[in-house]
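A.B. asks: Structural data only, the sequence is not supplied:
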């Protein structure tokens, strides 16, 4: 494997501390992305999400931004859960959450329309971007040195 790619995917944390962090980030993001893309879990699906992005947020082309947000959340969340390409996935989910804080959740700090929750998910993404997937991750399994 390319040395730069290996170092990017290599996990620094050799303990299980990232497991609850990956679960707390990956599960809700995968579910929110599935709401946007597929209409699962009470979501509206891609075209309704795109209509919301275009009409309410002024994000054009709306279908492109809705697809990117949904894919970043859904597939980024699934990668984070598995600890596979964790740093790339954390970068992706971090960008999506930064946009959510900046563009959508401007009603104050507290929910339901505040930015506290997407900010927490953004910070969890930053944490995994720094630490990697940890010992119990596909990254650690794939990057393990060969047995002697």
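C.D. replies: The structure has been received and is ready for your questions. As the structure is a computational prediction, the values presented were derived from the model and not from experiment. Numbering: from 1, shown residues only.

A.B. asks: Could you list every helix and strand in contact with the helix or strand where residue 52 lies?
C.D. replies: Following DSSP states H and E, one finds residue 52 within helix 46-57. Judged by 3 or more CB pairs under 8 Å, 6 or more residues apart in numbering; DSSP states H and E, helix 46-57 is in contact with helix 18-38, helix 62-82. All C-beta spots, glycine's among them, are computed from the backbone N, C-alpha and C.

A.B. asks: got the angle for the last one vs helix 46-57?
C.D. replies: Between helix 62-82 and helix 46-57, the angle comes out at 110 degrees (axes from the mean of the first three to the mean of the last three CA atoms, to 10 degrees).

A.B. asks: and the helix or strand following helix 62-82, what other elements does it pack with?
C.D. replies: Using DSSP H and E, the helix or strand that directly follows helix 62-82 along the chain is helix 86-99. Contact here means 3+ CB pairs under 8 Å, 6+ apart; on that basis helix 86-99 packs against helix 3-9, helix 18-38, helix 62-82, helix 116-131.

A.B. asks: go again using 6 Å as the cut-off
C.D. replies: helix 62-82, helix 116-131 (3 or more CB pairs under 6 Å, 6 or more residues apart in numbering; DSSP states H and E).

A.B. asks: Minimum distance to residue 56: which of those has it?
C.D. replies: Checking the helices and strands packed on helix 86-99 against residue 56 by CB to CB gives helix 62-82 as the closest, at 9.8 Å.

A.B. asks: how far out from the middle of the chain is that closest one?
C.D. replies: 7 Å (CA atoms, centre = their mean, to the nearest Å).

A.B. asks: on that earlier part again, so which of the helices and strands packed on helix 46-57 gets nearest residue 89?
C.D. replies: helix 62-82 (3.6 Å).

A.B. asks: Low-confidence stretches in this structure?
C.D. replies: 1-13, 144-148 (pLDDT under 70).

A.B. asks: Would you point out which residue is most central in it?
C.D. replies: When CA atoms, centre = their mean is applied to the chain, the residue found nearest the centroid is residue 93 (2.7 Å).

A.B. asks: Who are the contact partners of that one?
C.D. replies: Residues near residue 93 by CB atoms under 6 Å, 6 or more residues apart in numbering: 29, 76, 125.
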